[in-house]
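how would this look folded up:
(one chain, ligands or ions: 2)
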Amino acid sequence: MAPSFCIPLITLPSRAGDAIAPDQLDLLRQACLDHGFFLLNNEDGHGGFHIAPEKIDRVWAAAADLFDAPMEAKRAVSVASSTNNRGYFSSADHAEYNKDPSGLVIKDNKEGFFFGSDNLIAPGNRVPPGKAAAGAEVESYMEAGRAACVAVMRAIVAAGLLAEAGETCPDAFVARYLSDPVYMAKCLKYPPSNGNTDAHTDYGCITLLLPGDRGLEVHVGGAWHPVPFAPGAYVINFGDLLAAWSRGAVRSTIHRVLYNSTATAGGGGAPKPRYSLPLFLHPNRGTVVRAGGGGGGAAAGAVGGFGAPAGDGSSDLLVDTYSYVLSRFDATYKHRAAAAAAAAAAPAAVAAAAGGGVEGAAGARGTEAEAEAGGATATAIVGAAVDSA
Ligand SMILES: O=C(O)CCC(=O)C(=O)O
Ligand SMILES: [Fe+2]
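Ligands and ions are numbered 1, 2, ... in the order given. Predicted coordinates for the structure are as follows:
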């Protein structure tokens, strides 16, 4: 009989460097191989990355405070007017990215604030006037969440899930790829009824999600399943890049949000919005990974065909992870797509600006260039498909 669908709750050791309990390692391995979703225990005493409930309460309050700003103040710090993809966004700023296998389209109608690490394009998160304290709280939460992501990546390597990529030592892996990772967080707010995120896969390595309520669903075995909502636990899932890097050992699975406060919160409650806080972690800038593997197909396809052939006759791709992340922004955010198109139409300007911040295979192949011209940052990509974060 096929094992039943399960999203386990996993506990990592209480001190960084301690061995992971064998039963937890088995659960982790199975969850990654099956669908790439699990809950991460955030109870006190578990994980050197434990984030205190008071800190979590503060970040929820900060998120609510950001969204409470008047609409004009939010639009004044729109991602669309930023040069570093930071600030406020609504579904109007996004390309459509529905990946529902049945073709069902549910309209994405959330709003959000996009935050990033200083090494992502250029420093400077953008919040409405008077909301600097709320912004600082989100930044502080990001630092804590980053440590939790690194702890999970360490466990992924310890579980042997990157062995086919030649990565078998957690300490060496963290030192080499995650000493100064590129990461971003979004504060998201969904309306009280029919609050949705389209079916999508995340595109990067690892996502650490703090959900404020039920509503997240994952598509496995031809059906949608609710992801259990366990207050205090994180939801961990993985993106297309790690799926390709691990040769498919870690799955990047389609998920969506379908939220109705009165229905999903157990019924009877007053209508209330749903907040959530996903944090997305990617390797250090300058990291080039070999993705795909024997036959290439699904895994290589998972990175949208972006990268250069490895040049050794295999069907692997060499993916400059930072350029890849920017290519996903271009495919997802309308203002970046427009800037990328403008940059492509002005090859001289692109060529002049190329080289700053672009390293590795993709740059060498000549299909990608990061251009900062006239205040607009653009990344021109050949062959990028549309994805969500
Ligand atoms: O809001 C959520 O619970 C999930 C959001 C999500 O999947 C994403 O931002 O990639
Ligand atoms: Fe997602």
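
And the next helix or strand past the longest helix along the chain?
Longest helix of the chain, by residue count under DSSP state H: helix 132-158. The first helix or strand that comes after helix 132-158 along the chain, using DSSP states H and E, is helix 170-177.

Figure out how far that next one is from the centre of its chain.
Centroid displacement of helix 170-177 relative to its chain, using CA atoms, centre = their mean, to the nearest Å, is 20 Å.

got it, and stretch 221-236?
Using CA atoms, centre = their mean, the offset of stretch 221-236 from its chain centre is 16 Å.

wait, does that stretch make contact with ligand 1?
No - counting by CB under 6 Å from any ligand atom, ligand 1 has no neighbours in stretch 221-236; the shortest distance is 7.2 Å. Yep, even glycine has a C-beta here, placed from its N, CA and C like the rest.

in that stretch, what's buried?
Of the residues in stretch 221-236, 224-225, 227, 229, 233-236 count as buried by neighbour count, 16 or more other CB atoms under 10 Å.

residues making contact with it?
Stretch 221-236 is contacted from outside by 5, 7, 9-10, 37-43, 53, 101, 148, 152, 206-211, 213-214, 216-219, 255-256, using CB atoms under 8 Å, 6 or more residues apart in numbering.

7 Å instead?
5, 7, 9, 37-43, 148, 152, 206-211, 213-214, 216-218 (CB atoms under 7 Å, 6 or more residues apart in numbering).

ok so, going back, just name the closest of the buried residues of stretch 221-236 to ligand 1, please.
Using CB to the nearest ligand atom, Val235 comes nearest to ligand 1 of the buried residues of stretch 221-236, at 7.2 Å.

Distance of the residue of the stretch 151-300 of the chain found nearest ligand 1 relative to Ala291?
At 3.4 Å from ligand 1, Ser276 is the closest residue in the stretch 151-300 of the chain, using CB to the nearest ligand atom. Between Ser276 and Ala291 the computed distance is 28 Å (CB to CB, to the nearest Å).

These two: which is more packed in?
Ala291 (28 against 23; other CB atoms under 10 Å).

give me the element the closest residue to the more buried one other than its chain neighbours is part of.
The shortest distance from Ala291 to any non-neighbouring residue, by CB to CB, 6 or more residues apart in numbering, is to Ala244 (3.6 Å). Assessed by DSSP H and E, Ala244 sits inside helix 240-245.

residues in the chain within reach of ligand 1, list them.
186, 188, 197, 202, 209, 211, 216, 255, 257, 276, 278, 388-389.

These: which two are farthest apart?
Farthest pair in these (CB to CB) is Pro211 and Ser388. Separation: 16.1 Å.

what helix or strand does the most centrally placed residue in the chain sit in?
Per CA atoms, centre = their mean, the C-alpha nearest to the average position across the chain is that of Phe280, at 3.4 Å. Under the criterion of DSSP H and E, Phe280 resides in strand 274-284.

State the mean pLDDT of the helix or strand following that strand.
Once strand 274-284 ends, the next helix or strand along the chain (criterion: DSSP H and E) is strand 288-291. Mean pLDDT, computed over strand 288-291, is 93.

Pairing partners for strand 288-291, with directions?
strand 317-320 (antiparallel) (DSSP bridges).

Can you name the next helix or strand after the strand it pairs with?
Assigned by DSSP H and E, the successor of strand 317-320 is helix 321-332.

Name the next helix or strand downstream of that following helix, please.
Next along from helix 321-332, by DSSP H and E: helix 334-345.

buried set for that following helix?
Buried residues in helix 334-345 (16+ other CB under 10 Å): 335-337, 339-340, 342-343.
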